[in-house]
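Peer 1: need the 3D shape of this:
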Amino acid sequence: MFLDYDGTLAPIAPRPELAVMSDSMREAVRELSRRCPVAVVSGRDRTEVERLVGIDSLVYAGSHGFDISGHGFPLEAEAGGKFRSALESAALELEGRIGDVAGVLIEPKRYALAVHYRLVPQGELQRVEEAVRETARRHTELQLSEGKAVYEFRPRIEWHKGKAVLWLLRALGLDRPDVVPLYLGDDLTDEDAFEALGDRGIGIVVGDLRGRPTRAQYSLADCHEVERFLRELAAVSSVA
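Peer 2: Next comes the predicted model:
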């Protein structure tokens, strides 16, 4: 079982630090982890998502899979470290250009840089977008992606959540015909994982799909449905 964090295990919040996982969701994940291997795959830094989830028995893939730990195999994408100076430079540039915009949050991460604009006034959104895209043009060694009310700069390397999921299946010895991997996620970055699993796994997208194409086969409405699904899956596994 592969799980995204924001929007899947915890409701989307106005600011990242406010996205808190409920105790009941934590217990549902813990119970499922007793039945099958569970990995949390997040755009957040690995140490941060580990702290937020707080279950030692899981595998954690942070920074879209650039930093993986759990079950005795730490993996840190060495190439990612070469891009830290570019990420720091982009962060400084953005602070200078839009740091004074009300509601904007420029969040440096270990292997990424996020610009959150959920709280930015409508009249300032164009200014934020122009600054982000101009910074991306100036830092060609970084790639720009978009999520829910966030722009994100990442190293220009062919590595993402989908690649991380496939790597984890091999590392855990689960890349076998008798194993069906499931991936639950809500964001555009989770589409890489849905695509990577293809017909050999099951993709479940979380949230409102109106106007959004997806490669997932199924959907759940929100975190409450995710929790119910995890509990029922754990119960079925227990009976089996």
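
Peer 1: please report phi then psi for residue 144.
Peer 2: With angles defined as degrees, to the nearest 10, residue 144 sits at phi -100, psi 130.

Peer 1: bridging residues for it?
Peer 2: Beta bridges link residue 144 to residue 153, judged by DSSP bridges.

Peer 1: quick check: it touching residue 136?
Peer 2: Yes: checked against Cβ atoms under 8 Å, the pair residue 144 and residue 136 is within contact range at 4.1 Å. Using the backbone N, CA and C atoms, a C-beta is placed for each residue, glycine as well.

Peer 1: what do those two both touch?
Peer 2: residue 153 (Cβ atoms under 8 Å, 6 or more residues apart in numbering).

Peer 1: run a quick neighbour tally on the residue lying closest to residue 147 once chain neighbours are set aside.
Peer 2: Of all residues not flanking residue 147 in the chain, residue 187 sits nearest, at 4.8 Å (Cβ to Cβ, 6 or more residues apart in numbering). The number of residues packed near residue 187 is 23, by other Cβ atoms under 10 Å.

Peer 1: what's the answer for residue 172, then?
Peer 2: Counted with other Cβ under 10 Å, residue 172 comes out at 16.

Peer 1: now do the residue nearest to residue 147, the pLDDT please.
Peer 2: What the model reports for residue 187 is a pLDDT of 91.

Peer 1: just residue 155 next, same as before
Peer 2: Per-residue pLDDT puts residue 155 at 89.

Peer 1: give me the nearest residue to it, chain neighbours excluded.
Peer 2: For residue 155, the spatially nearest residue (Cβ to Cβ, 6+ apart) is residue 83, at 3.9 Å.

Peer 1: that neighbour: how many residues sit nearby?
Peer 2: 23.

Peer 1: same check on residue 59?
Peer 2: 19.

Peer 1: bridging residues for it?
Peer 2: According to DSSP bridges, beta-bridge pairing links residue 59 with residue 39.

Peer 1: how near is it to residue 216?
Peer 2: Using Cβ to Cβ, to the nearest Å, residue 59 is found at 21 Å from residue 216.

Peer 1: cool, and residue 135?
Peer 2: Distance, residue 135 to residue 216, using Cβ to Cβ: 31 Å.

Peer 1: what is the burial count for residue 13?
Peer 2: Residue 13 - counted by other Cβ under 10 Å - has 13 other residues nearby.

Peer 1: correction: the previous question concerned residue 130.
Peer 2: By other Cβ under 10 Å, neighbour count at residue 130 equals 12.

Peer 1: retrieve the pLDDT associated with residue 239.
Peer 2: 55.

Peer 1: likewise residue 25?
Peer 2: For residue 25, the pLDDT comes out at 98.

Peer 1: go on, residue 37?
Peer 2: For residue 37, pLDDT reads 94.

Peer 1: show me where the protein has helices.
Peer 2: Counting by DSSP state H, the chain has helices at residues 23-33, 46-53, 84-98, 125-138, 161-171, 191-197, 223-239.
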